[in-house]
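In: Provide a 3D model corresponding to the input given below.
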Amino acid sequence: MNSDPYSFSFSLPAQSRRQPPPARYIARPFEARPVGQETLILAAGADTTVRAPLFYAQMLAHCDCFRTLDEHADSVIQSFGLPAEQRPAVRQGLAGLVERDLLRDEQAVFAGLEAHETRADTEPGPLRTLCIRTCERAGDLKRLLASLDRHLAEADLERVLILDDGRDPDQVRATTDVIATARGTLAVELIHIDRGARAELVQRMASRAGVELSRLQWLIEGGDDDPAASYGANLNLALLLTAGERFLMIDDDATLDPFVLAPPGDGLSLRVGHDFQVRFPDPARPVTEQHEALEVNPVAVHEAVLGAPVAALARKHGLQDGHLLADLSPQMIHDFSARPRVRLTTNGTLGDSGTGSMLWLYTLPPEQLAPWQESETAYRRLAFSRRVARTTLETQIASSISLMTTTLTGVDNRELLLPVPAKGRGEDLIFGIGIRFLYPGTPCCAFPWMLPHRLEQRRQWQDEDLQRRQGAGLTGFIGSAIEDLADARLPQEPFARSAVLAEWMQRLGDMSQPELVEDLRRHLLQKRADLAAQVQKTLDGLTHLQAPSWLRQDFAAIIERHCQIQPDETERLQSLAPAVQRFASSYGAALPTWLTTWRWAAGVDALQELQ
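Out: Numbers count the residues shown, from 1 in each chain. Predicted coordinates:
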C-alpha cells in the first residue's frame, strides 16, 4: 500500500494507451561514388564510408525531408515508378539506411545541432551599439529617436552612432539640432558622425591600422568620379567601428514600434527559406490603424537572439511535434550544425516596401493577391500604392537572407564581414551575399512583427514601373558572380576566402570587354528568365483560381517583356562593362586593406581609439 494518501497509480489497458507517433527520418548530406553495381557513400562529418547497393544512394538522395519510413517507401515507389510488390524491399532498404546512420530521426538531428557550440556562441557579450543611417531628414530622425526612447529601459545599449551622409549644410545643422535636443532626454550616448567627421575617422583608422589611405578611402567613400549616392558608405563605416562585436542598424525613416498581422505564437521553425506573408493595407487609411500593435521591445529581442547558437534557441522551444525541423533540408541541417551562430536578425516592414521595383509583387503566392481580384479599381489602388505589410507569422531561422537594413537589422560582427559598394543602390544585396560567401548556410532569424517605414511619405508606383523590364546593373551582376564563385571549392577560413575573392575580382577587372559584355548578357538572360518563371508560377495559380482576365493580362505582359533581350540593349551592356571592370579592379586591390583594418579594429574599441 502506498504510504502517501494523496497519491495513487494505475495501469491503462494496452489499447487505451496513447502510442507515440512513428519516427520521421531525413538523409544526412552525403557524397557517393559508384563502383559497378554498388556505391561508396560518405556522409557529411562521417569518418568512414558505407558500401551499399547503387539503388540505396538513389533512395537516400530522395529522402530530402522528414517522413516516416513508410512515407519514404511510398514516395520512392511513386517517384521511381516501381511496382507495388517491391514496397517491402524498399522499406527494408530504408531501414538499412537507418542502421548505417545515413538516415537520422528528428531526435538525432535535434541533438546534433549542439555538436559545434563554442563559448563565443553561448556568451556573445553585450550589444552596445545602434547605428542610424541618416541623410537630410531631420524630422524622420526626430521621430525615430522618440521611438527609441520608449525602448531603452529594457535594452543594454550604450551608444547610438548617427551616421550622417547629408551634404547640404543647412540640413546637417538641422540634424545636429535634433541630436542636441535628444541628448537631453535619451539615456544613451549619441555620437554624430557627419561626412567631415567620417573622413577624419578614415584617415586616423588608416594610420592606426597601417594601411594605405587611398584604398581605405575608396572602400568607404567610393570613387570621386562616381556621381551615385553613397548608400553603402556608412554601412562600411559601421562595420569597422563595431568590428569584433554585435550591433544593430536602422535607417532614419523607420521607427521601433512593432505591429503584427496576427498575434504571434511562441513557436520557432528552422527552414530552408523564410516564409514571408504580404498584405495590402488600404491606402486611404493610416496603416498603423489597420494592424495590431505588439507590446515587445524589438531592441531587446534582437539582442537576445543575435549571435546565439541555433541549438540553444531550439532547446528553448523543443521539437514542437515536428514543427521545429519540418521545413529543413539535409544541407541546411549540416550548415546549421557546422555554423550554429545566428549572424543576422531581421523583422518585417509596414508601409513603403523600400524596393526599387514593383515586379516582386507579381511573384507572390496567388492566395496573397486575393484583394487584387476584387475589382480592377481595387487592384490598381492596392498594387500601385507602394504600401505593404510584410512579415513572417512566427520566429523563423533560415539560411536565406532576405535583407533590407532600412528597418532594424542585427549584425553579428564578431567575425569578419565584407564591405559593400560605397556608392549606388543594392548595398543590402551585396551585404547579404557577402555574408553567405564567407559563411555558407549561415542562419538568419526573422521575427514575426513589422516596423513602420516611411509612413509620412506617399510615394506611388506608376504605369511605367510596371512596364519596365529588369535590367543588368553593377551590384546585381557582381552579387550573382560572387554567388557563383561560392559554389567552387574554397577554403573554409573567412580571411582565406576573402583573399580568393580579392584575386578573383582583379581577374574580373582584367577581363576583355567583349567577353564581359557576353557575361553581362548571360546574367541579364538568367535574371529575366528567373523572374518570368516566378511570375508564370503565380499566373498559373491565379488561372486555377479563375482570377479575372484584366489581372492575368498584366502578368502575361510581364512574362512577355522578360522573355526577350532586344538588340538595342547591347549599348547599355557595353557602357556597363567598363564600370564593372573599374569596380572589380578597385575592390580586389582594396580588399586586403579592409582585412587588415577590420582585424585591427576588432582588437580595440575602434571608436574610442580614434576619438
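
In: list the contacts of the nearest residue to residue 545 once chain neighbours are set aside.
Out: Nearest residue to residue 545 in three dimensions, chain neighbours excluded: residue 366, at 5.7 Å (Cβ to Cβ, 6 or more residues apart in numbering). For glycine as for every other residue, the C-beta is placed from the backbone atoms N, C-alpha and C. By Cβ atoms under 8 Å, 6 or more residues apart in numbering, the residues touching residue 366 are 538, 541, 542, 544, 545, 547.

In: buried only: go through those for me.
Out: Members of the contacts of residue 366 that pass the buried threshold by neighbour count (16 or more other Cβ atoms under 10 Å) are listed as 538, 542, 547.

In: okay but the last one is in contact with residue 373, surely?
Out: In this case it means residue 547. Yes: taking Cβ atoms under 8 Å as the definition, residue 547 is a contact partner of residue 373 at 5.2 Å.

In: residue 520 against residue 575, yeah?
Out: No: using Cβ under 8 Å, residue 520 makes no contact with residue 575, being 10.4 Å away.

In: of those two, who's got more company?
Out: More crowded of residue 520 and residue 575, by other Cβ atoms under 10 Å: residue 520, with 24 against 10.

In: so what's the more buried one up against?
Out: Counting by Cβ under 8 Å, 6+ apart, residue 520 has contacts 472, 477, 573, 576, 577, 580.

In: now intersect those with the strands, please.
Out: Among the contacts of residue 520, DSSP state E puts none in strands.

In: before we move on, back to that, so how far is residue 551 from the residue nearest to residue 545?
Out: Applying Cβ to Cβ, to the nearest Å, one obtains 10 Å for the distance of residue 366 from residue 551.

In: ditto for residue 43
Out: 48 Å.

In: the strands in the stretch 501-611 of the chain, which residues?
Out: If you assign secondary structure with DSSP state E, counting those that start in this stretch, the stretch 501-611 of the chain ends up with no strands.

In: in it, where is pLDDT below threshold?
Out: When residues are selected by pLDDT under 70, none of them lie in the stretch 501-611 of the chain.

In: try 90 this time
Out: The model of the stretch 501-611 of the chain has pLDDT under 90 over residues 567-568, 605-611.

In: returning to that earlier point: who touches both of residue 366 and residue 551?
Out: The contact lists of residue 366 and residue 551 share residue 542, where a contact means Cβ under 8 Å, 6+ apart.

In: helices or strands up against the helix or strand hosting residue 26?
Out: Of the helices and strands defined by DSSP states H and E, residue 26 is found in strand 25-27. Taking 3 or more Cβ pairs under 8 Å, 6 or more residues apart in numbering; DSSP states H and E as contact, the helices and strands that strand 25-27 lies on are helix 87-99, strand 103-105, helix 330-338.

In: could you redo the last one with a cut-off of 7 Å?
Out: When contacts are defined as 3 or more Cβ pairs under 7 Å, 6 or more residues apart in numbering; DSSP states H and E, strand 25-27 packs onto strand 103-105.

In: list the buried ones in the helix or strand following the strand it packs on?
Out: Sequence order places helix 106-112 as the next helix or strand after strand 103-105, per DSSP H and E. Neighbour counts using 16+ other Cβ under 10 Å place 106, 109, 110, 112 of helix 106-112 among the buried residues.

In: and the contacts of the helix or strand hosting residue 78?
Out: Of the helices and strands defined by DSSP H and E, residue 78 is found in helix 69-80. Surrounding helix 69-80, the residues in contact under the criterion Cβ atoms under 7 Å, 6 or more residues apart in numbering are 25, 59, 62, 63, 67, 84, 86, 87, 90, 91, 94, 95.

In: of those, closest to residue 498?
Out: Of all the contacts of helix 69-80, the one sitting nearest residue 498 is residue 63; the distance, using Cβ to Cβ, is 35.9 Å.

In: what about the closest residue to the closest one other than its chain neighbours, neighbour count?
Out: In space, not counting the residues next to it along the chain, residue 63 is nearest to residue 27; the distance is 4.1 Å by Cβ to Cβ, 6+ apart. Residue 27 has 23 neighbouring residues, counting by other Cβ under 10 Å.

In: and residue 27, how close does it get to residue 114?
Out: When Cβ to Cβ is the yardstick, residue 27 and residue 114 sit 20 Å from each other.

In: and what of residue 65?
Out: 22 Å.

In: would you put the C-alpha positions of stretch 182-200 in PDB?
Out: Listed next in PDB are the C-alpha coordinates belonging to stretch 182-200 (Å, rounded to 0.1, in the frame of the first residue of the first chain):
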ATOM      1  CA  ALA A 182      17.600  64.300 -27.900                       C
ATOM      2  CA  ARG A 183      20.700  64.300 -25.800                       C
ATOM      3  CA  GLY A 184      18.700  65.900 -23.000                       C
ATOM      4  CA  THR A 185      16.200  63.100 -22.900                       C
ATOM      5  CA  LEU A 186      17.800  59.800 -24.100                       C
ATOM      6  CA  ALA A 187      19.700  57.800 -21.500                       C
ATOM      7  CA  VAL A 188      22.300  56.700 -24.100                       C
ATOM      8  CA  GLU A 189      25.300  58.400 -25.600                       C
ATOM      9  CA  LEU A 190      24.500  60.000 -29.000                       C
ATOM     10  CA  ILE A 191      27.500  60.300 -31.400                       C
ATOM     11  CA  HIS A 192      27.000  62.400 -34.600                       C
ATOM     12  CA  ILE A 193      29.400  61.400 -37.400                       C
ATOM     13  CA  ASP A 194      28.800  63.600 -40.500                       C
ATOM     14  CA  ARG A 195      30.800  63.400 -43.700                       C
ATOM     15  CA  GLY A 196      33.600  65.600 -42.400                       C
ATOM     16  CA  ALA A 197      33.900  63.500 -39.300                       C
ATOM     17  CA  ARG A 198      33.800  60.300 -41.300                       C
ATOM     18  CA  ALA A 199      36.700  61.500 -43.500                       C
ATOM     19  CA  GLU A 200      38.700  62.300 -40.300                       C
END
